[in-house]
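**Q** Prediction below, plus the sequence it came from.
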Amino acid sequence: MVSLRMLGTESLGVRGLSCYIEDKDTRVLIDPGVALGYTRWHYHPHPVQAVAGDLVRTTIGKLWVNAEYIVFTHMHGDHVPLYNANPFQLSLYDLGANKHAEILAPASKLLGFKERTRLAKIKELYHEKVVEISQDRSRIGPLEFYGPFPHGLNSSYVYMILADFGVRVVHLSDMGLLVDMAADTARRLKPDIVITDGPPIYRYLHDKYALHTLLRRAERNLSLIVGAADTVIINHHVNRCDQGYKWIMRLRREYSAITTAAEYVGSKPLLLEAWRRTLYRYLPIEGDWFKEDYQDVIARYKRIYEAIRRSLTDMNNVLERDFAHLLERIVALG
């Protein structure tokens, strides 16, 4: 029996694309990082977002110590634990020791200075347990590595992961469905489940022509993947704005295999990164609240976060205006 758990991504209230796959013999933790955009629309993360982040960090911490393989597709701060984490990221030094895991990461020669430093800090703790992946295709245990492929937003590189447990799971991170060769490779792997980043629509809302071009390419590549897989979980960058979720819902009318991480685990999406302004509007607090008494503030807002989770089924649509109505009711009830 194979189990796939989606841990932390935008439809679950944080930035990232982390998951945990296990069967009776093997446990794999992929991209165990957590982040919240440090500034967005001139706001730091709201305490409600921080509650979501804390919960995901706690879950990853528990799974970290038991994983047999820990995999980093690339070394960005929302995909790896950090030696210099800010309050909204996962700290490398808050994780318990794992004495048996192999830690699989992109080779240093593929990394920029910041990413090489992050890998070096992990090596300081785990030494020879860290294995650098540098070949075009490598296999370690149930895992196969393909690439590296270009990151969708900058000059970094990302590995595609195939986790073969009989059920074949492909993890296709941070390419935004914009790398044609990666999409074709995923198709040829004949996956049962694909976990993929979606296009960064929020970055192109000011330019309709560029956005149209971006989405045409993403949709062409998505059609290849959907034609091969039973389930396609689309998340990460695409769910940083309402328009991204609308795009997913439009495509779902054509492809029933498409879902989000939240819906895959049985809940309604909670796009807190997209809805940050609304959180500050209905639950006002000083923007630098986290610089003092972080835990005290989080403790106060945990009740509100839980009320939001309980009330998600009352939202007619997964849109910011519906979230605003939900918050208005929660505030009115005290």
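**A** Arrived safely.
**Q** switch to C-alpha atoms for all contacts and neighbour counts from now on
**A** OK.
**Q** which residues of the stretch 51-200 of the chain score low on pLDDT?
**A** For the stretch 51-200 of the chain, residues meeting the criterion pLDDT under 70 lie at 153.
**Q** quick one: the helices in it?
**A** 113-126, 180-188 (DSSP state H, counting those that start in this stretch).
**Q** among the ones you listed, which is the most enclosed?
**A** Neighbour counts (mean count of other Cα atoms under 10 Å) averaged over each of these peak at helix 180-188, with a mean of 18.
**Q** contacting residues around stretch 184-197?
**A** 17, 162, 167-177, 221, 224-225, 227-238 (Cα atoms under 8 Å, 6 or more residues apart in numbering).
**Q** Kindly recompute the last result at 7 Å.
**A** Outside stretch 184-197, the residues that touch it by Cα atoms under 7 Å, 6 or more residues apart in numbering are 167-177, 224-225, 228-238.
**Q** follow-up on the earlier one: rebuild the helices of the stretch 51-200 of the chain as a markdown table, extending it with distance to residue 27.
**A** Output for these, formatted as a markdown table (distance: least, Cα to Cα, whole Å):
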| stretch | distance to residue 27 |
| --- | --- |
| helix 113-126 | 18 |
| helix 180-188 | 22 |
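**Q** hang on, the earlier thing: buried among the contacts of stretch 184-197? Need that as a selection in PyMOL.
**A** If you want just the buried ones from those in PyMOL, going by 16 or more other Cα atoms under 10 Å, the selection is:
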select buried, resi 168+169+170+171+172+173+174+175+176+177+224+225+228+229+231+232+233+234+235+236+237+238
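**Q** Return the alpha-carbon coordinates of stretch 30-43 using CSV.
**A** C-alpha atoms of stretch 30-43 as CSV (Å, rounded to 0.1, in the frame of the first residue of the first chain):
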residue,chain,number,x,y,z
ILE,A,30,10.8,15.4,-1.0
ASP,A,31,11.5,19.2,-0.8
PRO,A,32,11.1,19.6,2.9
GLY,A,33,11.1,23.3,3.1
VAL,A,34,8.6,25.9,4.2
ALA,A,35,8.4,29.6,3.5
LEU,A,36,6.1,32.6,3.4
GLY,A,37,6.9,35.5,1.1
TYR,A,38,8.8,37.9,3.4
THR,A,39,7.1,40.9,1.8
ARG,A,40,4.1,40.9,-0.5
TRP,A,41,2.2,44.1,-1.4
HIS,A,42,4.4,45.8,1.2
TYR,A,43,3.1,43.4,4.0
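**Q** how far out from the middle of the chain is that stretch?
**A** Chain-centre distance of stretch 30-43: 10 Å, with Cα atoms, centre = their mean, to the nearest Å.
**Q** Which positions in that stretch come out as buried?
**A** Applying 16+ other Cα under 10 Å to stretch 30-43 flags 30-36 as buried.
**Q** tell me the mean pLDDT for it?
**A** Taken as a whole, stretch 30-43 has an average pLDDT of 95.
**Q** Equivalent analysis for stretch 6-15, please.
**A** Here the average pLDDT along stretch 6-15 is 98.
**Q** pull the CA atoms of the helix or strand where residue 247 lies into CSV?
**A** Taking DSSP states H and E as the criterion, residue 247 maps to helix 242-252. Only the C-alpha atoms of helix 242-252 are listed here, as CSV (Å, rounded to 0.1, in the frame of the first residue of the first chain):
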residue,chain,number,x,y,z
ASP,A,242,-7.0,34.0,-7.6
GLN,A,243,-6.5,33.9,-11.3
GLY,A,244,-4.2,30.9,-10.9
TYR,A,245,-6.9,28.9,-9.2
LYS,A,246,-9.4,30.0,-11.8
TRP,A,247,-7.1,28.7,-14.4
ILE,A,248,-6.8,25.3,-12.7
MET,A,249,-10.6,25.1,-12.4
ARG,A,250,-11.1,25.9,-16.1
LEU,A,251,-8.7,23.1,-17.1
ARG,A,252,-10.4,20.7,-14.7
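**Q** related to what we said a few turns ago, take the buried residues of stretch 30-43 and keep only those in strands.
**A** residue 30 (DSSP state E).
**Q** Would you check which pair of the buried residues of stretch 30-43 lies furthest apart?
**A** Greatest spatial distance in these: 30 and 36, 18.3 Å, computed using Cα to Cα.
**Q** Out of the helices of the stretch 51-200 of the chain, which gets nearest to residue 332?
**A** In terms of Cα to Cα, the element of the helices of the stretch 51-200 of the chain nearest to residue 332 is helix 113-126, at 45.1 Å.
**Q** what sits against residue 11?
**A** Residues in contact with residue 11 (Cα under 7 Å, 6+ apart) are 235, 239, 260-262, 269-271.
**Q** Could you look up the SS state of it?
**A** helix (DSSP: H, G, I helix; E, B strand; the rest coil).
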